[in-house]
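> My questions are about this predicted structure, shown below with the sequence.
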Amino acid sequence: MVVLLCGGLLQAQASVRSEYEVKAAFLYNFTRFINWNEPPSEDVPLTVCVLGNDPFEDLLEPLVGRRAHGRFLQLRAPNSRSDIDGCHVLYISQSESSYLPAILDEATRQGMLTISDIPGFAQRGGIVGYVKQGNVIRFEINLLAANAAGLNINSRLLELAAKVIR
């Protein structure tokens, strides 16, 4: 499993795949290496939501029907910040950056994994923040935010993070 995540990192450096193809692959792997303290039934799909302008376009579509922790993944695009109920994974687009504190408060209350490429996302209270180091896509993890949301992050994923906020 870690080989796949590391392989994705190496491929990101060596291939011509777009930035958001790499971010989409990471997003899927995050769902596999992060556990919810109070997981819903395996009958309930794991809902991945993109809030705001969707930079992925159709790149997340291949995730539909794949499994993470025995649950099928499904995609949803909430129409507004007040429509994020039921999301388990919430990607927050840069178009929502001015509303970030309120979004993060609600997402934490609901136990959501938050992911974004908003600059300084993990430092501002998000759980996983994408960062570019040269031409390489990496990620930072805010362990305090994950714990507050009731999420456990696999130590193998923490080892791969560019930075871990403890």
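The structure has been received and is ready for your questions.

> show me what contacts Ile103?
Leu51, Arg81, Ile84, Leu90, Ile92, Glu96, Thr114 (C-beta atoms under 8 Å, 6 or more residues apart in numbering). Yep, even glycine has a C-beta here, placed from its N, CA and C like the rest.

> farthest pair in these?
Pairwise distances across these (C-beta to C-beta) peak at 12.7 Å, for the pair Arg81 and Thr114.

> When these two are compared, which one has more neighbours?
Thr114 (27 against 15; other C-beta atoms under 10 Å).

> Number of residues surrounding the residue lying closest to Lys163 once chain neighbours are set aside?
Leaving aside its sequence neighbours, Lys163 sits nearest to Glu140 (C-beta to C-beta, 6 or more residues apart in numbering; 4.3 Å). For Glu140, the count of nearby residues is 19 (other C-beta under 10 Å).

> Also Pro119?
Neighbours around Pro119, by other C-beta under 10 Å: 12.

> Which helix or which strand is home to it?
For Pro119, there is no helix or strand it lies in under DSSP states H and E.

> Roughly how far does Arg66 sit from Gly86?
19 Å (C-beta to C-beta, to the nearest Å).

> measure the residue nearest to the spatial centre of the chain to Leu100 for me?
In the chain, the centroid-proximal residue (C-alpha atoms, centre = their mean) is Ile115; its distance is 3.6 Å. The gap separating Ile115 from Leu100 is 13 Å, by C-beta to C-beta.

> which neighbours do these two share?
With C-beta under 8 Å, 6+ apart, Ile115 and Leu100 have common neighbours Ile92, Gly126.
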